[in-house]
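K.L.:
pasting the structure only:
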């Protein structure tokens with residue numbers, strides 16, 4: 001990583017707006033998340049259903065479209081994360097350090113504001129980058 005940083009001048013040793021690519025199915029989730037949490041940054045990530053540390057009851061959860069199920073997961077190294085399953089066209093499994101529900105700003109058929117988990121809103125807005 002140091003080779004990608006500027007090695008001379010005022011900004012020596014600093015990286016800005018750098019994305020760490022760990023591959024599609026590679027990487028140790030607790031270790032990767034620990035590094036990010038040490039930087040005091042929130043983590044929102046999609047994961048495979050059978051990822052180590054994911055609750056067994058969320059792996060085969062049957063949901064109707066638009067519904068969400070979530071559960072707190074305690075990992076020894078990190079602490080607690082929010083594991084969730086959201087059903088759209090298929091089940092989407094996510095892990096997050098943010099656990100809050102807020103309005104999405106969109107209305108449903110009954111003119112009520114849709115409620116979404118904060119981690120889903122953040123993931124959808126930040127997935128394409130800034």
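P.N.:
Ah, there it is. None of these values were measured; they are calculated from a predicted model.

K.L.:
so residue 120 sits against residue 88, correct?
P.N.:
No - taking contact to mean CB atoms under 8 Å, the distance of 10.0 Å between residue 120 and residue 88 leaves them out of contact. For glycine as for every other residue, the C-beta is placed from the backbone atoms N, C-alpha and C.

K.L.:
tell me which of the two has more neighbours.
P.N.:
residue 120 (19 against 10; other CB atoms under 10 Å).

K.L.:
quick one: the more buried one from residue 82, how far?
P.N.:
Applying CB to CB, to the nearest Å, one obtains 11 Å for the distance of residue 120 from residue 82.

K.L.:
which residues touch the nearest residue to residue 66 once chain neighbours are set aside?
P.N.:
Beyond its immediate neighbours in the sequence, the residue positioned closest to residue 66 (CB to CB, 6 or more residues apart in numbering) is residue 87, lying 6.7 Å away. Counting by CB atoms under 8 Å, 6 or more residues apart in numbering, residue 87 makes contact with 63, 64, 65, 66, 67, 68.

K.L.:
turn the buried ones among the residues you listed into a named ChimeraX selection, would you?
P.N.:
To isolate the buried ones among those in ChimeraX, judged by 16 or more other CB atoms under 10 Å, type:
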select :68
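
K.L.:
closest to residue 105 out of the contacts of residue 87?
P.N.:
residue 66 (16.3 Å; CB to CB).
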